[in-house]
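**Q** Fold the following.
(3 chains)
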Amino acid sequence: MVTWLQTFVRSSVGKKACMAISGLLLVGFLVAHLAGNLTLFLPDDGAAFDAYAQKLHDLGPLLYVAEVGLLALFVVHIAFAAWTTIGNRKARTSRYAVQPDHGERTVASSTMPITGLIVLLFLIVHLIHFRLDERFEQGPFDLVEGTLAGPIAALIYIVGVLALTLHLTHAIGSALQTLGVNHPRWSPLLRRAGVGLALILGLGFLSIPIYALIAWGGSN
Amino acid sequence: MVKNSTGLLDSKVPGGDIADRWDKHKFDLKLVAPANRRKFKVLVVGTGLAGASASATLSELGYDVTAFCIHGSPRRAHSIAAQGGINAAKNYQNDGDSVFRLFYDTVKGGDFRSRESNVHRLAQISTEIIDQCVSQGVPFAREYGGTLANRSFGGAQVSRTFYARGQTGQQLLLGAYSGMMRQVQSGHLKLMTSRELLSVVKVDGVARGIVVRNLTTGAYERFAGDAVLLCTGGYGNVFFLSTNAKKSNVTAAWRAHKNGAFFANPCFTQIHPTCIPVSGDYQSKLTLMSESLRNDGRVWVPKEAGDKRGPEMPPEDRDYYLERRYPSFGNLVPRDVASRASKERCDAGYGVGETGMSVYLDFRDAIARDGEDTIRSKYGNLFQMYERITGEDPYRVPMRIYPAVHYTMGGLWVDYNLETTVPGLFALGEANFSDHGANRLGASALMQGLADGYFVIPATIAGHLAGRKLQPVGTDDPAFGEAEAAARAHNERLLGIKGSRTVDSIHRELGLLMWDYCGMARTGAGLTEVKSKIAALRETFWNDVRVPGSGRDLNTELEKAGRVADFLEFAEVFAEDALVREESCGGHFREEYQTEEGEALRDDKNFCHVAAWEFNGEDKASTRHTEPLEFEYVKLTQRSYK
Amino acid sequence: MSTNRSLKLTLKVWRQAGPGAPGHFETHELDGLSEHMSFLEMLDVLNEKLVLEGGDPVVFDHDCREGICGSCGVVINGRAHGPDAETATCQLHMRRFKSGETIFIEPWRSEGFPVVRDLMVDRSAFDRIISAGGYVSTNTGSAPDGNAVPIPREDAEQAFDAAACIGCGACVAACPNGAAMLFVSAKVGHLAHLPQGQAERESRVLAMVRAMDAEGFGNCTNHYECSAACPKGISVENIALLNRDYLRASLLERG
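**A** Purely as a prediction, here's the structure:
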């Protein structure tokens, strides 16, 4: 058991699979996260959002289990990303004199390590804002309003989410390919669906800091 | 002056009914017991179809095999470029094919200058080759029902050609190569890449090793063994421009020849009718357009000499000269016939294109009949290749084609065991002379290479290994030292000339001489003349060639120079052979010997034999030995494709 | 064919004495080139000139010059095999270039392909990967009749599409990660589509990936530059197939 798993995670294909599986699960988390966040927009002065936060909070130990699971996914994803990126740098130490202006590479695909890093930094800020701040338990909605009303914070969120979106436009289709999903009939559709999901998530998350800037920014 | 000799060559052809000869011979041959095989070291030079299949199979049998190739990888051997297909007498199409018919067609196609027994064996083995290749995963074309597809090819009236799109050679070679690499993994086979043979080493008259140069490091290396297999291809590049790859050369065969192996029928060269014409002096090679194109393309030139209207010309002003001259075979006449007919039209001033040295191969009617999609699915990759090279779209404009040197039927003389006149030295595939006579039929080269490697040599090599008492020989034997010293001295001499001509410029000049005098039409006067021109060019080469760099390092110019030096010697025997063979047969067309209709006129009374040349030393005349050919099963007839 | 432009070019050619040695670009001017020349014929012209001027010719690998042996391959202005799709360097013709242009010519760059000299690289890693498992283990003489196992035409076609790989290494050269996945997957895909390849399907993919990783090639991050550079247009569908087979084999392999 241990041997094959070691072989697997050390292999190039295995590493990529670990990255893809953890990445897709994180996408699942993002979907749930966004669904919860969108309750912010209900015209009830944050009651639904607070209730949603409370529901999660009421899970008690289960919440910790979920959080540990999430943390593990991030760690796996980041660790394998770093591992493969270092390997890739080693496999190609010199660059060509001319960088062609066209090819199959996209902005998204060639900036995966950078957008990933930005998302990681953003995640830390995000956790400091809402996970590690004790005020969150008293009034989640108020804290969100209070935090995002500041233009700098809103800007950080906008940049973070944009990086995430760019990351995802390549990531979802790429993860499917890595896990062996490719069929001439379905792949173009799946690839577009992946980009679509990335854009939906991106627009969804972006809507919050933008809304915050417009609706709350002036009132502060 | 040519010395003549008969009766020396023993073909070792078994007697009895031709259909039983190969089985009988295999039974009569000595065997090497499985446990003893690992004690025998076999050196295989070349990793094309013949070399790769031999290496793989001999390793599977348990012999200690070392394979050598001049490329960085065995998969790059020139067999990879064969397009059309491979023949086999499977009769899957139920169209009346049989082993005997394939045998018959090949003997007749070779214009009665091949050995009946060898050809029959080839036809017998052909079916096993297909099975072998399928089991390796060669992706042959298939029918919708999943069975193997066939097409008719190059003058055959049955569909017996198996193919993998236009890349059959590639797929067959990759199959043989994969078999080789499997043996490398298992440790039975050692692979020596980027090595060029410089010398065959004989000890007590038996081939016991080789000296090679490591092309990457420049090091000279010695290898001893119990048998040496030359699978080093043909010598078409003596013409400089040919469809052969740039590295294809005569060096291994020629150096073996200079060390005792007779060279048979060097003048038998195949000029392929459908190649992309020469476009300029810078041209480095010619590209074949598969013969299969003639199944749907129609060959024509204008009816009026000098008519420059080109493809726009109305049908009534076109001369579909193959259909006119050969109504029953039409555009599908054998290669030698089609090539000569093109040359005849162009020489008479009917040629098309800027240079007037090409004819049209037109798909207009086929496209109108079957639709562009059908044509695309059959020939898409060839059309694409043509467009890349010429910049013209053959779906709109007819292709322009002209004959080019493609294959050499001549090669080292071998007996029925594929053994040369040097005991222990074998020649396989295009490197030997054995099966195609004076003209090779389409899709038969792949068949022969694989037959030799997969099935013939594994049986016949045992006769040598078990039949002769081979004393242990090491690379410290003085014979190795002498061979290496000679090879070194040869290269050092080339490096020391420091003249003013590049190797390529002299090779080009040799090619032009060969094309003009030893190409599609030869004359006694021309051949006599060209011999002295070749000798003069050889002088120029040795006095004025410029080979930069040193021999202790990678040196591509030195590699080329060594090969051209050998071509310059070989060319003279080529011309001599063409001169002495006072008849026309297959690819050898002497203008003095033709029928009233301009067809090849054989002289079976005087030339129904193999000519095998013996080297007698530098600047000494070679001896021409003959092996009489007997035709018991296929009656000697004038070939007719009318 | 009626036109024949003459080209004047500036070449920036990579020169490197050997593996690990420092390399540099050398500038050469060539004039009077025919547009009908192939790219390698243009290099031949350069080399003849260099030899006559007493210099060392540029070393580049080449052989068949008809796009099938896989020997040739240089990076031209940053593109493996140059600007044309599905075209090996030897099939690229000078009519693709404009007079006065500057052309950068470089070797394949990847840790898996050490430079031998100038533009020539050592691709023996590919042979080692094939020898790890890129075959059907069948001995000569043991084969059943060729028609004993019917193969659906579609499967044969797909197998062929993958088997068309010429092993030139452009996929590795074009990959920003120096990954060899397209090459390896082409062989895995070729045999996976055929009944003959099934017996060793799992062991093959495991062994070939192991060999590939050991050669120092990078990891695939699905840029698909490989397929864009491939002279035979091998599809990245094969990479997905390899991934699929590898996952299945890793999870389900016994022992």
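
**Q** drop to CA atoms for contacts and neighbour counts, all remaining ones
**A** Will do.

**Q** Low-confidence ranges, chain C, go.
**A** Judged against pLDDT under 70, the low-scoring parts of chain C cover residues C:1-3, C:255.

**Q** Please, where are all the helices along it?
**A** With helices called from DSSP state H, chain C shows them at C:39-52, C:124-133, C:153-163, C:170-174, C:181-192, C:201-214, C:225-229, C:237-252.

**Q** okay if I get those as JSON lines plus mean neighbour count?
**A** Written out in JSON lines, the entries for the helices of chain C read as follows (neighbours: other Cα atoms under 10 Å in any protein chain shown):
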{"stretch": "helix C:39-52", "mean neighbour count": "19"}
{"stretch": "helix C:124-133", "mean neighbour count": "22"}
{"stretch": "helix C:153-163", "mean neighbour count": "22"}
{"stretch": "helix C:170-174", "mean neighbour count": "29"}
{"stretch": "helix C:181-192", "mean neighbour count": "28"}
{"stretch": "helix C:201-214", "mean neighbour count": "22"}
{"stretch": "helix C:225-229", "mean neighbour count": "26"}
{"stretch": "helix C:237-252", "mean neighbour count": "21"}
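
**Q** wait, B:Arg182 sits on C:Arg128?
**A** No. Between B:Arg182 and C:Arg128 there is no contact under Cα atoms under 8 Å: 10.0 Å.

**Q** which residues does C:Glu237 contact?
**A** A:Asn182, A:His183 (Cα atoms under 8 Å, 6 or more residues apart in numbering or on different chains).

**Q** Check C:Thr102 too.
**A** Under the criterion of Cα under 8 Å, 6+ apart, the contact list for C:Thr102 reads C:Leu9, C:Thr10, C:Leu11, C:Lys12.

**Q** Mind listing the residues bridging to the last one?
**A** When bridges are taken as DSSP bridges, the partners of C:Lys12 come out as C:Thr27, C:Phe104.

**Q** Run a quick neighbour tally on it.
**A** By other Cα atoms under 10 Å in any protein chain shown, 20 other residues sit near C:Lys12.

**Q** Kindly report the same for C:Phe97.
**A** Residues lying near C:Phe97 (other Cα under 10 Å) number 17.

**Q** now A:Trp186
**A** Burial of A:Trp186, expressed as a neighbour count using other Cα under 10 Å, amounts to 10.

**Q** same question, the one 10 residues further on
**A** For A:Gly196, the number of neighbouring residues by other Cα under 10 Å comes to 15.

**Q** Touching, C:Asn219 and A:Ser12? I think so.
**A** Yes. In this structure C:Asn219 lies within contact range of A:Ser12 using Cα under 8 Å: 5.5 Å.

**Q** Report the buried residues of stretch B:314-324.
**A** Within stretch B:314-324, the residues that qualify as buried by neighbour count (16 or more other Cα atoms under 10 Å in any protein chain shown) are B:Arg318, B:Asp319, B:Tyr320, B:Tyr321, B:Leu322, B:Glu323.

**Q** contacting residues for C:Asn219?
**A** Residues in contact with C:Asn219, defined by Cα under 8 Å, 6+ apart, are A:Ser12, A:Val13, A:Lys16, A:Thr84, A:Gly87, A:Asn88, C:Asn177, C:Gly178, C:Ala179, C:Met181.

**Q** from those, which is closest to chain B?
**A** Closest to chain B out of the contacts of C:Asn219 is C:Met181 (18.5 Å), distances taken as Cα to the nearest Cα.

**Q** sorry, back to before: tell me which of the contacts of C:Asn219 is nearest to B:Phe263?
**A** The shortest gap between B:Phe263 and any of the contacts of C:Asn219 belongs to C:Met181, at 46.5 Å (Cα to Cα).

**Q** ok and the residue in chain A nearest chain C?
**A** Proximity to chain C, evaluated over chain A using Cα to the nearest Cα, is greatest for A:Gly180 at 4.0 Å.

**Q** Double-check that that residue belongs to a strand.
**A** No. Using DSSP: H, G, I helix; E, B strand; the rest coil, the secondary structure at A:Gly180 is coil, not a strand.

**Q** pretty sure B:Asn118 is in contact with B:His436, am I right?
**A** No. Shown here, B:Asn118 and B:His436 do not form a contact pair, counting by Cα under 8 Å, at 9.5 Å.

**Q** So those two - more neighbours on which side?
**A** Residue environment comparison for B:Asn118 versus B:His436 gives the larger neighbour count to B:His436, 30 against 24, counting by other Cα under 10 Å.

**Q** The nearest residue to the more buried one once chain neighbours are set aside: neighbouring residues, count only.
**A** Here the nearest residue to B:His436 in space, its sequence neighbours aside, is B:Gly110; by Cα to Cα, 6 or more residues apart in numbering or on different chains that works out to 5.2 Å. Other residues near B:Gly110 come to 25 when the count uses other Cα under 10 Å.

**Q** show me the contacts for B:Gly110.
**A** Taking Cα under 8 Å, 6+ apart as the criterion, B:Gly110 is in contact with B:His436, B:Gly437, B:Ala438, B:Asn439, B:Arg440, B:Leu441, B:Gly586.

**Q** before we move on, what about C:Cys230?
**A** Going by Cα under 8 Å, 6+ apart, C:Cys230 touches C:Ala85, C:Glu86, C:Thr87, C:Ala170, C:Cys171.

**Q** does the residue in the stretch 351-500 of chain B positioned nearest to chain A belong to a helix or a strand, and which?
**A** The nearest approach of the stretch 351-500 of chain B to chain A comes at B:Ser377, 19.7 Å away (Cα to the nearest Cα). When secondary structure is defined by DSSP states H and E, B:Ser377 falls within helix B:372-390.

**Q** Could you do B:Val299 as well?
**A** Taking DSSP H and E as the definition, B:Val299 sits inside strand B:298-302.

**Q** what's that strand in contact with?
**A** Residues outside strand B:298-302 that contact it (Cα under 8 Å, 6+ apart) are B:310, B:313, B:317-322, B:331, B:345, B:350-352, B:359-363.

**Q** Out of these, list just those in strands.
**A** When DSSP state E is applied, these are split such that B:Arg318, B:Asp319, B:Val359, B:Tyr360, B:Leu361, B:Asp362 fall in strands.
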